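Colleague: Turn this into a structure:
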Amino acid sequence: MGFFDLFNEEEANERETRREVRGERRVADTEFAAEDAHLDLREEELDIHKQRVETGDVVLHKDIIEEEQTVNVPVSHDQVVIEQRAVDHEPSDEPNTEEETVHIPVTSEKVDVDKHTVVTGEVSAHKRSVQETEQVHDVIHKEVAEVETHGDAEVIRED
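Modeller: The predicted model follows:
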């Protein structure tokens, strides 16, 4: 065993003794810093991701319904009124004929119903985005530095 091996063995024993005195048993070996020391502090942050998911749908369609409708329509028709009156026996130049016919056309209004389609209104649908706030709760972990002093060590904090 050489001089350097002996020196390295003593240094390893001293480190082990310091850990036992402080009550620390760590896997990683802690080196004593000559002048400056450095610790990286870490903390978790929440990664918030949003995605659109289909929550339902709206179907817009039309149905045909039947509705009975009654409309009063005034109609007219012809009536033939036969009036006969007595006349004072006035003389006539015309002889009696066998037959004389008078033709009187008679008319009436008949109701004819047709249907046609008209536009009476319109229905439209559209979507709009509504902004809301949703609270998310979770536990995050964060590293903080703790300073322990042993003996007469003076520590000045500069934040």
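
Colleague: low-confidence ranges in the chain?
Modeller: Applying pLDDT under 70 to the chain flags residues 1-8, 10-34.

Colleague: count of neighbours near His89?
Modeller: Other residues near His89 come to 6 when the count uses other Cβ atoms under 10 Å. C-beta here means a position set from N, CA and C on the backbone, and glycine is covered the same way.

Colleague: ranges for the helices of this structure?
Modeller: When secondary structure is read from DSSP state H, the chain shows helices at 3-22.

Colleague: now the farthest one out in the protein, which residue is it?
Modeller: When distances are taken from the C-alpha mean of the chain, Pro91 lies farthest, 101.0 Å away, according to Cα atoms, centre = their mean.

Colleague: Relative to Arg42, how far out is that residue?
Modeller: Remark: distance between Pro91 and Arg42 (Cβ to Cβ, to the nearest Å) = 141 Å.

Colleague: what's the answer for Lys115, then?
Modeller: Noted for Lys115: a distance of 79 Å to Arg42, by Cβ to Cβ.

Colleague: Kindly report the same for Lys127.
Modeller: To Arg42, Lys127 is 43 Å away according to Cβ to Cβ.

Colleague: next one: Arg128
Modeller: Spatial separation of Arg128 from Arg42 under the definition Cβ to Cβ is 43 Å.

Colleague: Neighbour count: those two, which is higher?
Modeller: The neighbour comparison of Arg128 against Arg42 (other Cβ under 10 Å) goes to Arg42, with 8 against 4.

Colleague: Test my guess that the more buried one contacts Ala145.
Modeller: No. Counting by Cβ atoms under 8 Å, Ala145 is not a contact partner of Arg42; they are 11.1 Å apart.

Colleague: Brilliant, that's me finished.
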